[in-house]
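J.: Output the structure for:
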Amino acid sequence: MDSFQFMFISSFSVLIPLFFVIVNFKKIERNFYPLVCLLFINMINEIIIWISLGTKFIDGSQVYNVYFLFEALIITWQFKRWGLFHSKKWLLFLFVSLYLVAWISDGLFFAPEGRLYSYYIIFYSFLVILMSLNMLYYIFKEDSLQIVDHPIFIISITFLFFFVYTIITEVLTIYPKTSVDFRWNILNLLNVINILCNIGYAFAIFQLSKRQKFYMTLEREVVYERTKAN
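T.: A predicted model of the protein is given here:
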């Protein structure tokens, strides 16, 4: 299997979690709708990218750059649905504002035409890592939860795993002394990680479909604590 074929498999491995979404959609909690939305947008993005390979009318890099902006916003929306910003709503608006400023700045001043917005990707990946770590911290505080099969735990770990490697990939990509062969090896490994992450999303959705009663989110925990206090 050559790199091109493997890249195709990696791109459309998003069909794995989407299959579980379609089969179990009625059982998926609304608090996970942003993830569902992200998976569908990812699928649309990959279709457009592969179409762009056979036409000169679509710039694949710009399609990816637009997708990365939406990806950052949707992932932040997902953490918001899980209650991460319940006591710091100003932080949510700050993150969204920073995404827009970083995306526009990279496009205007740093990224050459036809290239990915690498500095923006590194920046928003770092913020996703911070949100994932904070989410994991709150989950570990819940002694009653079974961590291994907790959907939010699985998704947060998957985010953490994927975006740490994304930062490594982008840093090595923009580093001028990195050889072309080494960059291709890094990107090929990213394809493997992309497949593993899509399997992780699928497993999280499968766990959701198994449970009749969803784990308490941070928002519900806050409501419970306030009720108990009164």
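
J.: rest of the way, CA atoms for contacts and neighbours
T.: OK.

J.: Flag every buried residue along the longest helix belonging to the chain.
T.: Longest helix of the chain, by residue count under DSSP state H: helix 180-210. By neighbour count on 16 or more other CA atoms under 10 Å, the buried set for helix 180-210 is 183, 186-188, 190-191, 193-209.

J.: so where's the chain shaky on pLDDT?
T.: Along the chain, the model assigns pLDDT under 70 to residues 1-2, 56, 143-146, 176-178, 210-230.

J.: now Ser61: how far from Ser125?
T.: Distance of Ser61 to Ser125, computed by CA to CA, to the nearest Å: 18 Å.

J.: neighbouring contacts of stretch 161-171?
T.: Residues outside stretch 161-171 that contact it (CA atoms under 8 Å, 6 or more residues apart in numbering): 118-119, 121-122, 125-126, 128-129, 183, 186-187, 190, 193-194, 197.

J.: how does it look with 10 Å?
T.: With contact meaning CA atoms under 10 Å, 6 or more residues apart in numbering, stretch 161-171 is reached by 116-129, 132, 155-156, 160, 172-173, 178, 183, 186-187, 189-190, 193-194, 196-197.

J.: and what of stretch 197-204?
T.: In contact with stretch 197-204 (CA under 10 Å, 6+ apart) are residues 10-21, 35-36, 39, 149-159, 161-162, 191, 193-194, 196, 205-209.

J.: what's the spacing between it and its chain's center?
T.: 11 Å (CA atoms, centre = their mean, to the nearest Å).
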